[in-house]
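S.K.: Prediction below, plus the sequence it came from.
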Number of protein chains: 4
Amino acid sequence: MCRMLGYAGPPIALERIVTRPRHSLLEQAQHADEAKLAVNGDGFGMAWYADGVDEPGVYRDVMPAWSDSNLTSLCRVIHSGLFLAHVRAGTTGGTSRANCHPFSHGRWSFCHNGQLGDFGARRRVLEGLLPDDLFARRQGATDSELLFLLMIANGLNRDAPTAIAETLAMIGQGQAPDRITCVMSDGARILGFRHASDGRAPTLYVSRGTLDHGGRALASEPLDGVPANWIAVPENTLVTLAGGVPALSALDLPAALTAPTDRSPRQVSPN
Amino acid sequence: MCRMLGYAGPPIALERIVTRPRHSLLEQAQHADEAKLAVNGDGFGMAWYADGVDEPGVYRDVMPAWSDSNLTSLCRVIHSGLFLAHVRAGTTGGTSRANCHPFSHGRWSFCHNGQLGDFGARRRVLEGLLPDDLFARRQGATDSELLFLLMIANGLNRDAPTAIAETLAMIGQGQAPDRITCVMSDGARILGFRHASDGRAPTLYVSRGTLDHGGRALASEPLDGVPANWIAVPENTLVTLAGGVPALSALDLPAALTAPTDRSPRQVSPN
Amino acid sequence: MCRMLGYAGPPIALERIVTRPRHSLLEQAQHADEAKLAVNGDGFGMAWYADGVDEPGVYRDVMPAWSDSNLTSLCRVIHSGLFLAHVRAGTTGGTSRANCHPFSHGRWSFCHNGQLGDFGARRRVLEGLLPDDLFARRQGATDSELLFLLMIANGLNRDAPTAIAETLAMIGQGQAPDRITCVMSDGARILGFRHASDGRAPTLYVSRGTLDHGGRALASEPLDGVPANWIAVPENTLVTLAGGVPALSALDLPAALTAPTDRSPRQVSPN
Amino acid sequence: MCRMLGYAGPPIALERIVTRPRHSLLEQAQHADEAKLAVNGDGFGMAWYADGVDEPGVYRDVMPAWSDSNLTSLCRVIHSGLFLAHVRAGTTGGTSRANCHPFSHGRWSFCHNGQLGDFGARRRVLEGLLPDDLFARRQGATDSELLFLLMIANGLNRDAPTAIAETLAMIGQGQAPDRITCVMSDGARILGFRHASDGRAPTLYVSRGTLDHGGRALASEPLDGVPANWIAVPENTLVTLAGGVPALSALDLPAALTAPTDRSPRQVSPN
């Protein structure tokens, strides 16, 4: 089980969210409160958007985040108003940089938490859904990178909500449960959603108001450790964060993908 | 807080103790029962003695043990009747191979668990105790490597119990507690001891009888998860393991180093 | 351009061929005489067979071989009568352990030097030739691993010469030249061959007599730097080394794969 | 023999000097024209100054620079008007991040090329010259980090030329030649110098005019491959670069350190 976050707001040093708060992503990497595994030591990554640069900067490494001196320095110096960060606990694919999140493609960056059920058996069929040019861009062996490339293939650049819904419909279901929680960005906003075939998608929270530096965040766990300050994102709901109040909208999924097992609350009232 | 072990007995594949048992060192690295920190992800190492080779083979890496494919293969293929293994959770010194245990010098290999109190302030004085040739051999920045080199300087090769006791006397005490638990080997036997200025040296156990493959072990925790099969090594006691029943003897320490704070049981009855 | 070797003969410490000779693989990694690139710093690996163990031990890392303290120690301690070693200069696939040679599957280990022409464009079709179970075993992104898995699929375990020839016939030809030189082992012998669509397969030599420790070797370059002691393996020829005089035999390839462009000498007289 | 550079001028993406030019630092890492060793694969590092941040960002890794995807991304996204970069070929100290350049302390960053002669034997005496607080800051085992900390101890923050000269006088001479070429920055300017006990300090060039992006650089080799565009910095001369024409001034060294062996030209006419 991985931990991740996305930030949108006034430019801040990445450390203000990634490494320093009481319940920062780094802190979570060692003592995740809600994680299935206690340890997230299989890699770390972040993607950030800088003024005047089209594509995000991406830094990923297989070292545990807490022992990476480069990470500490980068988070102190780099300022950004839009960034993602991710700590990995490997489920599929070995420990290599190519399997670390965020994945990137053009302006897009992408983090995933969860897993496609029975991915070993389904991998070949799912990779078969990729067009040639995106298949050739695949660098690693994870279900996460594949999900991302399928969303790109389905038009993430044109219409993100539709591309996400079509991708979830397209992958169908394995014999073991699919549990998919994603946070992504196109350089203008943060998108996030939860979806699972058994109602057990990894948690995702969006800050109810602004954080102390004036921005907002999506995160696997409340970054300040105060649940009251956060909205638990329901399954099959898309959150869009672009500086102001987060927008929540239902993902337009086929009935077969949503009905019986979703046990999450349906009503949410942001802010 | 690190985890470590030493094995002496019939040659076995290292995996039979390091990676496979229900409570193997690798398992301990992720869920150490008695450890202060839950995570031991700052490096792994092992030293093993092979027939016809004077010095031990040493393999150390900064990757968390559980994600190291080389480790898995080495532990499956390498057989030895005498070896040490160690999982590190860094206390002093950064994450680098030079700071990973075991340290080696000639025939000796050495693992440490614990810390010298206030080492940052004492380091310079303690390094000053090293003769020039051993000072030049120092590669990292840990208190552990320094302890080992001081023992070598004090005659570990000639008379190990005396060299250990003299080293403990020589380092004196810092303002914060010294807690020192060591396991080492010269290629013929495993030695281990616990010592602390406040009676809180990290745990060390020696197997009461033979393990299922006919050998014996010293370990931070009972490898089979059954405390009844293991003797808890008292502080200021040296254990020697050379194939048969372990020998326990008191370390010959100045009274000032042992008296007031030692709260460990004094009486032990091996086997 | 990579460098590689295979050894068969009396058990020796791996260092006697891998790290210590005047023209060892490590020396070649920094100053390859015949290599297209001067530098082989994108990874190192070795596979060795030990008594009483079915599968080879495999050690691979992305560090340049010349700065790897583990490698030095392993090569000093591990003795084997049958092993492969490889230094990588990446052509396709990124720098990750999963892309380092040797690859292994069951008893087989495999090294490749060269490249499939235009692999980016052909990869998908070639991966499509793999049966599901071997597709699921693919861990990296290299043409080399794919070649190996195709040979396994074609019966390397049953009839190696036929499996190799069928694989070369199966992959057909890309628009850019295919250049394929391989060294592999099943734990009983070393096999090697050269094949190219343009007559320019990377070099491969087999020792004419025994080396100074009584064994024989296949290597990208003469290990002793003395060409007279080595036979230059012609293209489309399979060399088998099992302790005695190397056996050379023509690969049974379709005429279209061999005729026009092969400029290598056809007559060889081993020993 | 390492390669290094310092840039001062209009803010540019680091890639414009570090990874992209025909003769960039990365290109030099694989084919250094003037280097003693052909390969600089033992680590890479850079330090850059960002607006509103007191201390430089530092990124160092032991991977060869040419295989580091993080480096490529960072150099594309990070813009700076003042930065250093360094490719390492290890001379003393093992391959670890703690031994990679640039070293940093407060606002200062520091790169070194060359070596202190006979450093193994002199290390202890030279480390003895450090005050306690800086001794405690030493993380690695290199002569380079030690040189830097000695300059800090000698007042680099107050009066850099004097601190440099005093440090060179303080270290005296070993039995083997000292060869010292340094590039450093305090966040406001780049400083560089060459000094050797045998007149053979590694090369250092300063751009004669502005580069195509309007800035200037100090570098081990002409970055554009055109010697006429660069001034070869003489030994015992300090270059200061702060945006405009570089200032060259003699280092105020004792006569014993300069006279007999310096074979470099004494007259320079910048721009």
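M.R.: Noted; the coordinates are in hand.

S.K.: what's near enough to touch A:Cys75?
M.R.: By Cβ atoms under 8 Å, 6 or more residues apart in numbering or on different chains, the residues touching A:Cys75 are A:Ala13, A:Leu14, A:Glu15, A:Val18, A:Thr19, A:Met46. (Each C-beta comes from the backbone N, C-alpha and C, glycine too.)

S.K.: Isn't the second one up against A:Met46?
M.R.: Going back to what we said before, that points to A:Leu14. Yes: between A:Leu14 and A:Met46 there is a contact under Cβ atoms under 8 Å: 6.7 Å.

S.K.: Of the two, which one has the most company?
M.R.: More neighbours surround A:Met46 than the other of A:Leu14 and A:Met46, with 29 against 24 (other Cβ atoms under 10 Å in any protein chain shown).

S.K.: now that one, what's its secondary structure?
M.R.: Under the three-state scheme (DSSP: H, G, I helix; E, B strand; the rest coil), A:Met46 adopts strand.

S.K.: Run a quick check on it versus A:Cys100, I expect a contact.
M.R.: No: taking contacts as Cβ under 8 Å, A:Met46 lies outside contact range of A:Cys100: 10.1 Å.

S.K.: any common contacting residues for the two?
M.R.: Common neighbours of A:Met46 and A:Cys100 (criterion: Cβ under 8 Å, 6+ apart): A:Arg60, A:His86.

S.K.: what's the overlap in contacts for A:Leu14 and A:Met46?
M.R.: Common contact partners of A:Leu14 and A:Met46 (Cβ under 8 Å, 6+ apart): A:Leu74, A:Cys75, A:Phe83, A:Ala85.

S.K.: Sitting in strands, which of these do you find?
M.R.: If you go by DSSP state E, the shared contacts of A:Leu14 and A:Met46 have A:Phe83, A:Ala85 in strands.

S.K.: Save the shared contacts of A:Leu14 and A:Met46 as CSV, and put in pLDDT and distance to C:Arg194 too.
M.R.: CSV is the format used below for these (pLDDT from 0 to 100; distance: Cβ to Cβ, whole Å):
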residue, pLDDT, distance to C:Arg194
A:Leu74, 93, 46
A:Cys75, 91, 50
A:Phe83, 97, 50
A:Ala85, 93, 48
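
S.K.: And for the residue in chain A that chain C sits nearest to, the neighbour number?
M.R.: Chain A approaches chain C most closely through A:Ser96 (3.9 Å), counting by Cβ to the nearest Cβ. When neighbours are defined as other Cβ under 10 Å, A:Ser96 has 26 of them.

S.K.: That one contacts C:Ala98, doesn't it?
M.R.: Yes: counting by Cβ under 8 Å, C:Ala98 is a contact partner of A:Ser96 at 5.9 Å.

S.K.: so where is the stretch 151-271 of chain A shaky, pLDDT-wise?
M.R.: The model of the stretch 151-271 of chain A has pLDDT under 70 over residues A:259-271.

S.K.: Quick one: the helices in it, in order.
M.R.: Ranges of helices within the stretch 151-271 of chain A are A:160-171, based on DSSP state H, counting those that start in this stretch.

S.K.: can you put the contacts of A:Cys75 in TSV and add secondary structure, distance to A:Gly120 and pLDDT?
M.R.: Output for these, formatted as TSV (DSSP: H, G, I helix; E, B strand; the rest coil; distance: Cβ to Cβ, whole Å; pLDDT from 0 to 100):
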residue	secondary structure	distance to A:Gly120	pLDDT
A:Ala13	strand	41	92
A:Leu14	coil	35	92
A:Glu15	helix	38	88
A:Val18	helix	32	81
A:Thr19	coil	35	75
A:Met46	strand	29	95
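
S.K.: Please tell me how far the residue nearest to A:Asn229 when sequence neighbours are not counted sits from chain B.
M.R.: Using Cβ to Cβ, 6 or more residues apart in numbering or on different chains and skipping residues adjacent in sequence, the residue nearest A:Asn229 is A:Arg208, 5.3 Å away. With distances taken as Cβ to the nearest Cβ, to the nearest Å, A:Arg208 is found 30 Å from chain B.

S.K.: ditto for A:Arg97
M.R.: Plainly put, A:Arg97 is 13 Å away from chain B if you go by Cβ to the nearest Cβ.

S.K.: For burial, what's the neighbour tally of A:Ala98?
M.R.: 24.

S.K.: Next, count neighbours for the closest residue to A:Gly117 other than its chain neighbours.
M.R.: Closest residue in space to A:Gly117, ignoring its immediate chain neighbours: A:Ala176 at 3.0 Å, by Cβ to Cβ, 6+ apart. For A:Ala176, the neighbour count with other Cβ under 10 Å is 15.

S.K.: Wait, A:Ala176 touches A:Ala121, no?
M.R.: No: applying Cβ under 8 Å as the test, A:Ala176 and A:Ala121 come out as separate, 9.4 Å apart.

S.K.: what's the first-to-last distance across stretch A:105-118?
M.R.: Stretch A:105-118 has its terminal residues 26 Å apart, counting by Cα to Cα, to the nearest Å.

S.K.: which phi and psi does the closest residue to chain B within the stretch 151-271 of chain A have?
M.R.: Using Cβ to the nearest Cβ, the closest approach of the stretch 151-271 of chain A to chain B is made by A:Glu221 at 16.7 Å. Dihedral angles of A:Glu221 (phi, psi; degrees, to the nearest 10) stand at phi -140, psi 150.
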